[in-house]
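1. What would the 3D arrangement of this be:
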Amino acid sequence: TARVRVVEPPAFVLFGHSARAFSVVWSPLVRDRLLSGSDDRTARVWDVSAGASSADRCDAVLRGHSAHVRAVHWSAELPWLALTGGWDGQLAVWDVRGGGQLLCSRFEHTVDVYAISSHALRPFVFVSTSRDNTVRVWSAADALQPTVAA
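-> Reported below is the predicted structural model:
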């Protein structure tokens, strides 16, 4: 039999979502940054550094989905680029700086998006999975061209 022992309580609890939070991922490029997705139809960017006060932990609320946000993903190339997928079939690309801005959205899935991942060697090529029984490969490079060039 396996035993699990909790060594210490959580350092803190993040509050802000108004419904269940189902997904969370650490940023691969920015220390102490989290992205979470929720049934409240939002994703949130969190600063969990030791110096952040409780009131200042949420850096951005990403609004644009019309249903649950269950897939969240950080770019491995650009520290401010996040992706979300929702039960509305939408894939969304976000600039999380300054409170969050929707850069591009695609409705290629017909129902719930469950997961998003990026290619290890081609950072703007993503793959998404859905309850529509498909795995779709797509590129965000076209949507990002004006932002990357600026």
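2. Which residue ranges of this structure form helices?
-> 141-149 (DSSP state H).
3. can you map out the strands along it?
-> 21-26, 33-38, 42-47, 58-63, 69-74, 81-86, 91-95, 101-106, 113-118, 125-130, 135-139 (DSSP state E).
4. Include mean neighbour count when you put these into TSV, please.
-> For the C-beta atoms, the positions are set from N, CA and C on the backbone; glycine is no exception. Listed next are the strands of the chain as TSV, based on neighbours: other C-beta atoms under 10 Å:
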stretch	mean neighbour count
strand 21-26	16
strand 33-38	22
strand 42-47	24
strand 58-63	18
strand 69-74	25
strand 81-86	26
strand 91-95	22
strand 101-106	15
strand 113-118	19
strand 125-130	19
strand 135-139	12
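5. could I get those as a markdown table with distance to Leu14 and mean pLDDT?
-> Compiled in a markdown table, the strands of the chain are given as follows (distance: least, C-beta to C-beta, whole Å; pLDDT from 0 to 100):
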| stretch | distance to Leu14 | mean pLDDT |
| --- | --- | --- |
| strand 21-26 | 8 | 95 |
| strand 33-38 | 7 | 96 |
| strand 42-47 | 6 | 96 |
| strand 58-63 | 8 | 95 |
| strand 69-74 | 14 | 97 |
| strand 81-86 | 16 | 96 |
| strand 91-95 | 18 | 94 |
| strand 101-106 | 22 | 91 |
| strand 113-118 | 21 | 95 |
| strand 125-130 | 26 | 91 |
| strand 135-139 | 30 | 89 |
